[in-house]
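Q: Attaching a predicted model along with its sequence, questions to come.
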Amino acid sequence: MNYKKDLNSYSMYSGLSHILRNRWRCILRTTTGLVLLRLKRTCEEWILALSFCICSHLIVQYSSNVWSGFQHSINSTF
């Protein structure tokens, strides 16, 4: 009789262990997914910010060159 009781408790423990293992896998998968998603968003934000800085720099540099050329043409005309 005790043998059967031990078997039942082992079976219950094994089932509980299986549920907990699956729960932790699910939590780990979800956490990893969220971390990767956040990392992806952070990279996208950095790329966007860097692109904005480069474009702004190029626009300022181009505008400065145009203005300089315009001033030069005015000075050489008069």
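A: Thanks, I have the structure now.
Q: Regarding Leu48, which helix or strand does it belong to?
A: helix 2-77 (DSSP states H and E).
Q: now that helix: mean pLDDT?
A: Confidence over helix 2-77, taken as the mean pLDDT, stands at 77.
Q: What count of nearby residues applies to Val35?
A: If you count neighbours by other CB atoms under 10 Å, Val35 ends up with 10. To be clear about C-beta, it is placed using only N, CA and C from the backbone, and glycine gets the same treatment.
Q: how close does Cys43 get to Cys53?
A: 16 Å (CB to CB, to the nearest Å).
Q: Likewise for Ile74?
A: 31 Å.
Q: again, but for Ser76
A: Taking CB to CB as the measure, Ser76 falls 34 Å from Cys53.
Q: Tell me which of those two has more neighbours.
A: Looking at Ser76 and Cys53 with other CB under 10 Å, you find the greater number of neighbours at Cys53, namely 10 against 7.
Q: Which residues are in contact with the more buried one?
A: Contacts of Cys53 were listed using CB atoms under 8 Å, 6 or more residues apart in numbering, and none were found.
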